[in-house]
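# sequence isn't available, so here's the structure alone:
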């Protein structure tokens, strides 16, 4: 009984920590996107949301499409941007897969989260080319993650410290006089206001989450049964990897907070 109990508990904790962290990031980004869009609507009307969609929606849909291809799904139809749909749908990716294929079913979870990955990558790319000093600051913070102790409190304090550093690095007098800074802000607001997951995106997530959990459990069970004391080592490296992934996604949340603040300021003037 004990041989089954331990891999179950380890798999459960890993799934909560890693997969749950991804879901939490998606939830927070959704709240920020909703408030940012509301502020833009209040200040500019539907035109404001449509203007941000010119960049934000294609980045969103490319995230779905990239994950679909990565997990072996067949893309049957794709629309990166449409502005006159009667239901207000700005873009979509339709795909098919074999429900008997374990790998493809796991892919449903990551396909749903695709816009978070593509949005984060796009924000980092924009930062790299337009604000290299800020990018180096974030890259340095990322390298420091490996020195963190495994605690939610410690990770939260580290994020707060780096959010203040990011904010201070972005909003400087030098940047205010630099055109690249304003271009970056437009890109950040556009991507951040379309990075979250729609209700349709979430439909296939839970099936993929369950299959992903079963995959994690199967790996741990095999390691526990045949790999002696392999589970602690795997958990050690996986936790560090999780911290890095969650930190990267937290930068998207930081930039989404900044995008929300900008939209809020615009809405009151």
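Yep, it's here. Being a predicted model, the structure only gives us computed values, none of them experimental. Residues are numbered from 1 along each chain as shown.

# for the strand or helix carrying residue 159, give the mean pLDDT please.
Taking DSSP states H and E as the definition, one finds residue 159 inside helix 152-170. In this model, helix 152-170 has an average pLDDT of 76.

# now do the buried residues in that helix.
For helix 152-170, a neighbour-count test (16 or more other CB atoms under 10 Å) marks 155, 158-159, 162-163, 165-166, 169-170 as buried. No exception for glycine: its C-beta is placed from N, CA and C like everyone else's.

# quick check, nearest of these to residue 39?
For the buried residues of helix 152-170, the closest approach to residue 39 (CB to CB) belongs to residue 170, at 18.9 Å.

# isn't that closest one up against residue 134?
Yes - with contact defined as CB atoms under 8 Å, residue 170 reaches residue 134; the gap is 6.0 Å.

# so what's residue 23 up against?
The neighbours of residue 23, taking CB atoms under 8 Å, 6 or more residues apart in numbering as the test, are 205, 209.

# could you shift the numbering so residue one becomes 502, and keep it that way?
That works, and once the first residue is 502, the last one we named lands at residue 524.

# what angle do the helix or strand where it lies and helix 653-671 make?
Assigned by DSSP H and E, residue 524 belongs to helix 521-545. Relative orientation of helix 521-545 versus helix 653-671 (axes from the mean of the first three to the mean of the last three CA atoms, to 10 degrees): 40 degrees.

# mean confidence for helix 521-545?
Mean predicted confidence for helix 521-545 is 81.

# what is the helix or strand following it packed up against?
Heading C-terminal from helix 521-545, the first helix or strand you meet, by DSSP H and E, is helix 547-571. Packing partners of helix 547-571 (3 or more CB pairs under 8 Å, 6 or more residues apart in numbering; DSSP states H and E): helix 521-545, strand 575-580, strand 593-597, helix 603-613, helix 615-631, helix 680-693.

# helix 547-571: how far from the chain's middle?
13 Å (CA atoms, centre = their mean, to the nearest Å).

# buried stuff in it?
For helix 547-571, the buried set under the neighbour-count rule, 16+ other CB under 10 Å, comprises 549-554, 556-569.

# nearest to residue 710, out of the helices and strands packed on helix 547-571?
Taking CB to CB, helix 603-613 is the member of those nearest to residue 710, at 5.0 Å.

# and the closest one, what's buried?
Neighbour-count burial for helix 603-613, counted by 16+ other CB under 10 Å, picks out 605-613.

# just checking, what packs against that helix?
Here helix 603-613 touches helix 547-571, helix 700-704, helix 706-727, going by 3+ CB pairs under 8 Å, 6+ apart.

# fine by me, we can end here.
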